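**Q** Predicted model, plus sequence, below.
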Amino acid sequence: MPYTKVQIISFALAKLGNKPITSLDNQSELVSAAEQAFDFLFPLSLSEQQWRFACKIVQVSALVTEPVVSNWKYIYQLPSDYLKMIRQYPHNYSYEVYNLSQMYSNIAGPLYIEYMYQPTIASLPAYFCNYLCYRIAEHLALSNAHSVQFAQKLQGDMEIARTQALAADAQNRPNTPLVSKPMITNRALSSYGGFGYG
């Protein structure tokens, strides 16, 4: 089921003990503050982790403009929804990003990037919406409840929701098995006297 901005803010307000809302129009100062918190915390929460639901791979295009410094050969235009880099294909670490819009590189194309972007609210998974609700509520806790204990409780609940969301999101990428297993290999060799311990 897709969620809306209003629903997420309403859930956050409910965690603060307030009545649910059905619109953001002509609302109280608290609802306005919650909307501002949403607009700030949504992209921030995305960019702090490598959420699999907010990753995509695209080919980037080289610009005709030449780099202004000689240690770079190419300038690539980054997508308009770019938040942060995860990796490049082919793999390399010879690049720098400027203005979140251009990437200077020495790699000739074709070049693909895996990056974080801000998906539509309707496409957010429920586990991230739950975390975002707690994050908004925790952000507003002291100004609304005037209780340090309540704010601390919400902060703890938010960390639990964050951990649960990361665990659920991690299921979208399988674990990579160990390629090198020196401890296991050496233990097996030692049992046969391979190192003179047998």
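**A** Nice, thanks for sending it over. Numbers count the residues shown, from 1 in each chain.

**Q** which non-adjacent residue is nearest Leu124?
**A** Spatial nearest neighbour of Leu124, excluding adjacent residues (Cβ to Cβ, 6 or more residues apart in numbering): Tyr3 at 6.3 Å. For the C-beta atoms, the positions are set from N, CA and C on the backbone; glycine is no exception.

**Q** oh, I was asking about Asn18
**A** According to Cβ to Cβ, 6+ apart, the nearest residue to Asn18 is Leu30 (6.7 Å).

**Q** again, but for Ser143
**A** If the residues on either side of it in the chain are set aside, Ser143 comes closest to Ala33, at 7.0 Å by Cβ to Cβ, 6+ apart.

**Q** my hunch is that the one you found is in a helix, does that hold up?
**A** Yes. Using DSSP: H, G, I helix; E, B strand; the rest coil, the secondary structure at Ala33 is a helix.

**Q** thinking it is in contact with Leu142, fair?
**A** No. Ala33 sits out of contact with Leu142 when judged by Cβ atoms under 8 Å, with a separation of 11.7 Å.

**Q** Show me the helices in the protein, by range?
**A** For the chain, helices defined by DSSP state H occupy the ranges 5-15, 29-47, 126-145, 148-170, 182-191.

**Q** Tell me how far the first one lies from the chain's centre.
**A** The chain centre lies 21 Å from the centre of helix 5-15; the measure is Cα atoms, centre = their mean, to the nearest Å.

**Q** ok, and what's touching that helix?
**A** 19-24, 30-31, 34-35, 37-38, 121, 129-130, 132-134, 136-137, 140, 154, 157 (Cβ atoms under 8 Å, 6 or more residues apart in numbering).

**Q** thinking again about what came up before, what number of residues are in the vicinity of the residue nearest to Ser143?
**A** 16 (other Cβ atoms under 10 Å).

**Q** Same check on Ala34?
**A** 26.

**Q** Distance check, the closest residue to it other than its chain neighbours against Gln27.
**A** Spatial nearest neighbour of Ala34, chain neighbours left out: Ile9 (4.8 Å); criterion: Cβ to Cβ, 6+ apart. Using Cβ to Cβ, to the nearest Å, we find Ile9 at a distance of 9 Å from Gln27.

**Q** tell me, what's touching the two both at once?
**A** Common neighbours of Ile9 and Gln27 (Cβ under 8 Å, 6+ apart) are Ile21.

**Q** Return the residues in contact with Lys84.
**A** By Cβ under 8 Å, 6+ apart, the residues touching Lys84 are Ser47, Tyr115, Met116.

**Q** let's see 10 Å
**A** Going by Cβ atoms under 10 Å, 6 or more residues apart in numbering, Lys84 touches Leu46, Ser47, Glu48, Gln50, Val97, Leu100, Tyr115, Met116, Tyr117.

**Q** Can you name the residues bridging to it?
**A** Met116 (DSSP bridges).

**Q** Next one: it from Glu48, what distance?
**A** 9 Å.
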